[in-house]
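Asker: 3D, please:
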Amino acid sequence: MYIIQKITAILIGSLLLGIGINGFLVPHHLLDGGIAGIALIIHYYFEFPTGLAMFLLSIPLCIFAWIHERTFFYNSFLGLIAASVFIDWLAPLSKPIFSFYFSEYVNRRRNHASI
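Answerer: Numbering: from 1, shown residues only. Got it, this is the predicted structure:
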């Protein structure tokens, strides 16, 4: 039962990461820290898929984890694969039309709340 909870948490967290990167960071050309930030820089300059760049940049860290701590490797590798897939799968969220509708929704909520 513990393994199912852990896998569910990893998948939900990876989905939220994909939504956050594509729904907020990419449309506004913002950066994140660490490997994700480097992957975003590569995406902005070379139009390379962010998730794939993140996966490729993480390979040396995965090798290090495989050698030194196998338990950490298994958990983090699942999260890396899931996050990379969700980031690239949800890339259409970064298109201007989605950020436009989201900003319109926020503006309507803000105007409605101030009345």
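Asker: Same question for the one helix or strand L52 maps to: list its buried residues.
Answerer: Using DSSP states H and E, L52 falls within helix 50-68. Neighbour-count burial for helix 50-68 flags 50-55, 58, 65 (criterion: 16 or more other C-beta atoms under 10 Å). Bear in mind the C-beta positions are built from the backbone N, C-alpha and C, glycine included.
Asker: so which of those residues comes closest to L30?
Answerer: Nearest to L30, judged by C-beta to C-beta, of the buried residues of helix 50-68 is T50 at 12.4 Å.
Asker: Does the closest one touch F86 like I think?
Answerer: No - counting by C-beta atoms under 8 Å, T50 stays clear of F86, with 10.6 Å between them.
Asker: just for this protein, where's the confidence low?
Answerer: 96-115 (pLDDT under 70).
Asker: how about the helices in it?
Answerer: Ranges of helices within the chain are 2-20, 34-46, 50-68, 70-89, 96-114, based on DSSP state H.
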